[in-house]
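K.L.:
Sequence unavailable; structure follows:
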Ligand SMILES: [Zn+2]
C-alpha cells in the first residue's frame, strides 16, 4: 500500500494523460460518426471514474448488530482494502466524478453515518494505521450532547483524515409529511432543516461540503431535485457503484456492517461497476401501501462491455424475471410492498473484466397507512 501511495500522484498524472489522449480520439470518433447514428451517441465505454462507497455506523461489539461492525472485523476489512483496493477520500472521488477524470483502479470510499463516539475509540486507531481517509455524516445538534456521540473536540482531532458532512438535524424521516402540511410546506421544512444542519457544521468546523446522507437512505424526487438545485450531493443507502453517469442527487453506497460485513460477499460489491442507467420507470421512490408495482423498466446507455442478456435481478434474495429489449430491461416485479424500505438489485457481468459485475439498486420507500415511515 505504501508503494501504491507513493506512486499515486505519478499514476494519476499518467492516467490523466492517457485519458486525455483517449478523449481526443473518442471526441474525434464522435464528431466524425456521432451525427450519422443516434444510438452511437449514447454508447458508453466503461470509464475509469468508477468507485464504490461503503457505509458503516458503529465500530463496536456492544451496539445493535444490524448497524455494527466489530473492531476485529473492521480491521479485516481495512487490511483487505489495503491489499486489493485504493482507498480515496470522498472529496477526491467527487472531484474526479464531476470532472470525469480517472481515479485509481478499484477505488473505494469509506463513510460512516450518525457520528458515534465508537468510531473515534475503535475505528480511528485502525484508520490512522492504514492512513485511510474517511467521511462521517453527523447530526450536528447531537454532537457532544449524547454520551454515545462524538464531541466537537474529537471531530477537530480527526481532521487530518476525517471529513464531516450533513445527516440532518434530528435524524428525521425526511419523507414524513406532518398533519396539516401540504407538499410545498413539507419541502420547505425539510430543506430548512438540512440548511440549518449545514450551517451548524460550518460554524463548528469551518467548512461546508454540501454533502447530505439521507437518514435511513430515504428520499424522493422532489427532495432530491431541490437539493440538486441548491448544489448539494445526496447519498442514499441503496447499493451499487458510482460513475460519471450516476445520479448525484442520490449516490449509492454499500452497507458494510451487520449481515453485510462478510468479506466473501463484500468482495463482489467492492469490485462492482456502476450500471449505466439513463432513466427508470416508474421514476419515484415512494410507493403507497397496497399499491401494486408490476414492472420496473431500466433504460440503459448502450455499453458494449456489459453483458445485458445475462442481467439478474433480485428482491429479498429471490430472483425476479426480466426481459431485455435492446438496451432496456423490463423487470417483472408484481409485488405489493409492505411499509418499510425495499431494494431491487440488478447485476450484469462485464465482458472484459472477469468476475466484475455492473450493479444497480432500485430503492422503494413505503409509508404506513398513517403516513409514517418505519425505523
Ligand atoms: Zn443515520
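P.N.:
It's in. All values derive from a computational prediction rather than experimental measurement.
K.L.:
wait, doesn't residue 53 sit right on residue 242?
P.N.:
Yes: in this structure, residue 53 is within contact of residue 242 by Cβ atoms under 8 Å, at 6.4 Å. (Each C-beta comes from the backbone N, C-alpha and C, glycine too.)
K.L.:
When those two are compared, which one has more neighbours?
P.N.:
Per other Cβ atoms under 10 Å, whichever of residue 53 and residue 242 has more neighbours is residue 242, with 26 against 23.
K.L.:
Return the distance of the more buried one relative to residue 248.
P.N.:
To residue 248, residue 242 is 9 Å away according to Cβ to Cβ, to the nearest Å.
K.L.:
Could you do residue 327 as well?
P.N.:
22 Å.
K.L.:
Could you do residue 355 as well?
P.N.:
From residue 355 across to residue 248, the span is 28 Å (Cβ to Cβ).
K.L.:
Neighbour count for those two, which is higher?
P.N.:
For residue 355 versus residue 248, the count of surrounding residues by other Cβ under 10 Å is larger for residue 248: 17 against 9.
K.L.:
Is the more buried one located within a strand, as I assumed?
P.N.:
No: applying DSSP: H, G, I helix; E, B strand; the rest coil, one finds residue 248 to be coil, outside a strand.
K.L.:
From here on, call the first residue 870.
P.N.:
Sure, I'll start counting at 870 from here, so that last one is residue 1117.
K.L.:
how many neighbours does the residue in the chain that the ion sits nearest to have?
P.N.:
Using Cβ to the ion, the closest approach of the chain to the ion is made by residue 982 at 3.9 Å. The number of residues packed near residue 982 is 27, by other Cβ under 10 Å.
K.L.:
my guess is it meets residue 1004, correct?
P.N.:
No: counting by Cβ under 8 Å, residue 982 stays clear of residue 1004, with 9.8 Å between them.
K.L.:
Run through this structure and note the low-pLDDT ranges.
P.N.:
Within the chain, the stretches with pLDDT under 70 are 870-916.
K.L.:
where does it come near the ion, residue by residue?
P.N.:
Selection of the chain residues close to the ion by Cβ under 5 Å from the ion yields 982-983, 1084.
K.L.:
Please list all residues in contact with the residue most central in space within the chain.
P.N.:
Using Cα atoms, centre = their mean, the residue of the chain that lies closest to the mean C-alpha position is residue 1121, 2.4 Å off. Residue 1121 is in contact with 922, 1105, 1107-1111, 1115, 1229-1230, counting by Cβ atoms under 8 Å, 6 or more residues apart in numbering.
K.L.:
6 Å - rerun?
P.N.:
Counting by Cβ atoms under 6 Å, 6 or more residues apart in numbering, residue 1121 makes contact with 1107-1109.
K.L.:
now the residues you listed in a markdown table, with distance to residue 1183, secondary structure and neighbour count?
P.N.:
Formatted as a markdown table, those follow (distance: Cβ to Cβ, whole Å; DSSP: H, G, I helix; E, B strand; the rest coil; neighbours: other Cβ atoms under 10 Å):
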| residue | distance to residue 1183 | secondary structure | neighbour count |
| --- | --- | --- | --- |
| 1107 | 13 | coil | 24 |
| 1108 | 11 | coil | 22 |
| 1109 | 13 | strand | 28 |
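K.L.:
for residue 1065, what are its contacts?
P.N.:
Going by Cβ under 6 Å, 6+ apart, residue 1065 touches residue 1038.
K.L.:
same thing with residue 1234?
P.N.:
Residues in contact with residue 1234 (Cβ under 6 Å, 6+ apart) are 1087, 1154-1155, 1210.
K.L.:
Name the nearest of these relative to residue 967.
P.N.:
Of all those, residue 1154 has the smallest distance to residue 967: 23.9 Å, by Cβ to Cβ.
K.L.:
The closest one touches residue 1230, doesn't it?
P.N.:
No: using Cβ atoms under 6 Å, residue 1154 makes no contact with residue 1230, being 11.2 Å away.
K.L.:
Please identify which of the two sits among more neighbours.
P.N.:
Legend: neighbour count by other Cβ under 10 Å for residue 1154 and residue 1230, higher for residue 1154 (23 against 20).
K.L.:
Now residue 950, what are its backbone angles?
P.N.:
phi -60, psi -40 (degrees, to the nearest 10).
K.L.:
thinking again about what came up before, just give the closest residue to the residue nearest to the centre of the chain, not the sequence neighbours.
P.N.:
Once flanking residues are discounted, residue 1121 sits nearest to residue 1109: 3.6 Å by Cβ to Cβ, 6 or more residues apart in numbering.
K.L.:
gap between that neighbour and residue 1230?
P.N.:
According to Cβ to Cβ, residue 1109 and residue 1230 sit 5 Å apart.
K.L.:
repeat for residue 1156
P.N.:
15 Å.
K.L.:
so where do the strands sit in the stretch 920-1069 of the chain?
P.N.:
Assigned by DSSP state E, counting those that start in this stretch, the stretch 920-1069 of the chain shows strands spanning 920-925, 927-928, 937-938, 955-956, 976-982, 1003-1007, 1031-1035.
K.L.:
Of these, flag the one that's most buried.
P.N.:
Per residue and on average, the most neighbours among the strands of the stretch 920-1069 of the chain fall to strand 927-928, with a mean of 26 (mean count of other Cβ atoms under 10 Å).
K.L.:
Any idea how far that one is from the middle of the chain?
P.N.:
Taking Cα atoms, centre = their mean, to the nearest Å, one finds the center of strand 927-928 at 19 Å from the center of the full chain.
K.L.:
One more: stretch 1165-1175?
P.N.:
19 Å.
K.L.:
same thing with stretch 1154-1171?
P.N.:
Mean-position distance between stretch 1154-1171 and its chain equals 20 Å (Cα atoms, centre = their mean).
K.L.:
now do stretch 1095-1115
P.N.:
Distance of stretch 1095-1115 from its chain centroid, counting by Cα atoms, centre = their mean, is 7 Å.
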